[in-house]
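Enquirer: Sharing a model that was predicted from the sequence below.
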Amino acid sequence: MGLLTVVTVRDDDDLVLRETAEPVSRVDDRVRRLMDDMVDTMRDAPGVGLAAPQVAESVRVIVVETPLDYDDPDAGTRLHQLANPEVVWRSDDIVEDQEACLSIPDLYGDVPRDTAVRVRALDREGHTVEIDAEGFEARVLLHEIDHLDGVLFTDRVTGLDKLYTFREDGNGQTVRVAYSVPSI
Ligand code: ZN
């Protein structure tokens, strides 16, 4: 198992999160190793997606793993390990829902995304695949593909009032707290 260090916006070397990542010219053993280490890192976090810039590799590689059935934890997951993913169709039917990011600890946002997408990419064997996804899986794919262009979910929210965090109140209850820009 290869665990990689996740870069966060709090790190001094966080500029990699803002770069446009380079395409993969060929899915070789080095790329497969990166994909596999990214899966280990995503599952360890735990998270549902990870993009290579988040592990300081500025290349167009993402991994996504979401449940097949949200009501049945035993139904398993669908795992994608993709190079050069691109959105070739989007539903243009937008819904706002909650997102978080391993590179932005403790922050949540209600982010508008297409409800369905088709993504073309190279899989772990280097074959071209097309993935039709909807709902949460589509959202995670779009979130991870954004990372390849240096875009974070905080760039996609329609206002600061869409960003929030969670805190425990005095009674041990978890409460939603609006994000406030730290004062200087
Ligand atoms: Zn993210």
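Expert: Arrived safely, thanks for sending.
Enquirer: going forward, measure contacts between C-alpha atoms and count neighbours the same way
Expert: Will do.
Enquirer: got the phi/psi numbers for residue 6?
Expert: Phi and psi for residue 6, reported as degrees, to the nearest 10, are phi -90, psi 120.
Enquirer: Can you give me the buried ones in the longest helix along the chain?
Expert: Assignment by DSSP state H gives helix 29-44 as the longest helix of the chain. Buried residues in helix 29-44, counted by 16 or more other Cα atoms under 10 Å: 31-32, 34-42.
Enquirer: Switch these over to a markdown table; also include pLDDT and distance to residue 6.
Expert: Putting these into a markdown table (pLDDT from 0 to 100; distance: Cα to Cα, whole Å) gives the following:
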| residue | pLDDT | distance to residue 6 |
| --- | --- | --- |
| 31 | 98 | 17 |
| 32 | 98 | 18 |
| 34 | 98 | 13 |
| 35 | 98 | 14 |
| 36 | 98 | 15 |
| 37 | 98 | 12 |
| 38 | 98 | 10 |
| 39 | 98 | 12 |
| 40 | 98 | 12 |
| 41 | 98 | 8 |
| 42 | 98 | 9 |
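Enquirer: Tabulate those (TSV), appending distance to residue 170.
Expert: Listed next are those as TSV, based on distance: Cα to Cα, whole Å:
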residue	distance to residue 170
31	48
32	48
34	44
35	43
36	42
37	40
38	38
39	38
40	36
41	34
42	33
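Enquirer: Quick one: low-confidence residue ranges for the protein.
Expert: Filtered on pLDDT under 70, the chain yields the residue ranges 182-184.
Enquirer: all strands for it, in order.
Expert: 49-51, 61-67, 77-90, 94-101, 104-114, 116-122, 128-134, 163-168, 174-178 (DSSP state E).
Enquirer: Just name the most buried of these.
Expert: strand 49-51 (a mean of 28; mean count of other Cα atoms under 10 Å).
Enquirer: Quick check: neighbours of it in the sheet, parallel or antiparallel?
Expert: strand 61-67 (antiparallel) (DSSP bridges).
Enquirer: List the neighbours of the strand it pairs with that are in contact with it.
Expert: Strand 61-67 is touched from outside by 24, 35, 38-39, 48-52, 73, 75-85, 136-137, 140-141, 144-145, 148, with contacts defined as Cα atoms under 8 Å, 6 or more residues apart in numbering.
Enquirer: likewise stretch 73-90?
Expert: Under Cα under 8 Å, 6+ apart, the answer for stretch 73-90 is 23-24, 27, 35, 60-69, 114, 116-124, 145.
Enquirer: most centrally placed residue in the chain?
Expert: In the chain, the residue lying closest to the centroid (Cα atoms, centre = their mean) is residue 144, at 3.7 Å.
Enquirer: Now for the nearest residue to that residue once chain neighbours are set aside: which residues touch it?
Expert: Leaving aside its chain neighbours, residue 144 sits nearest to residue 51 (5.5 Å; criterion: Cα to Cα, 6 or more residues apart in numbering). Contact partners of residue 51, counting by Cα under 8 Å, 6+ apart, are 38, 60-63, 144-145, 147-148.
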